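S.K.: Curious how this folds, go ahead:
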Amino acid sequence: MSVRLPSVRHPHSFYDVFSVVTVAVAIMALVLTIWYGSIIRAEMVVFIAIIFMWAVWAIERILSESEERAKRQERQLPWDK
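M.R.: Residues are numbered from 1 along each chain as shown. Below is the predicted model of the structure:
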């Protein structure tokens, strides 16, 4: 059984998005545990905003690829399957 790592550039599934967001939240929690200050908190807000925008982009990409795949399968003739 082959296991692939989550892809940041080309997310293919919910697990890619979930993995990246989980790692980002863990990194943020670790950084805020070690360092605590207003500058660090501002940086973490920017970091989470970037992760949120990436997650929205990744979900949109996954859904559009899924739609294209469904349209391609729909166009195939039943006896060609």
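S.K.: Give the full set of residues in contact with Glu65.
M.R.: His12 (Cβ atoms under 8 Å, 6 or more residues apart in numbering). C-betas here are computed from N, CA, C, even on glycine.
S.K.: ok, now with 10 Å
M.R.: Glu65 makes contacts with 10-12, as judged by Cβ atoms under 10 Å, 6 or more residues apart in numbering.
S.K.: likewise Arg41?
M.R.: 31-32, 35.
S.K.: so how far is the helix ranked longest in the chain from its chain's centroid?
M.R.: Once the chain is assigned using DSSP state H, the helix that runs over the most residues is helix 38-75. Put simply, helix 38-75 sits 5 Å off its chain's centre (Cα atoms, centre = their mean, to the nearest Å).
S.K.: list the buried ones in that helix?
M.R.: 44, 51, 54-55, 58, 62 (16 or more other Cβ atoms under 10 Å).
S.K.: Tell me the one of those nearest Leu5?
M.R.: If you rank the buried residues of helix 38-75 by distance to Leu5 using Cβ to Cβ, Ala58 comes first, at 14.7 Å.
S.K.: Can you tell me the closest non-neighbouring residue to the closest one?
M.R.: Setting aside the residues directly before and after it, Ala58 is nearest to Pro11 in space (Cβ to Cβ, 6 or more residues apart in numbering), at 4.2 Å.
S.K.: Mind pulling the model confidence for that neighbour?
M.R.: The model reports Pro11 with a pLDDT of 86.
S.K.: With that, I have no additional questions.
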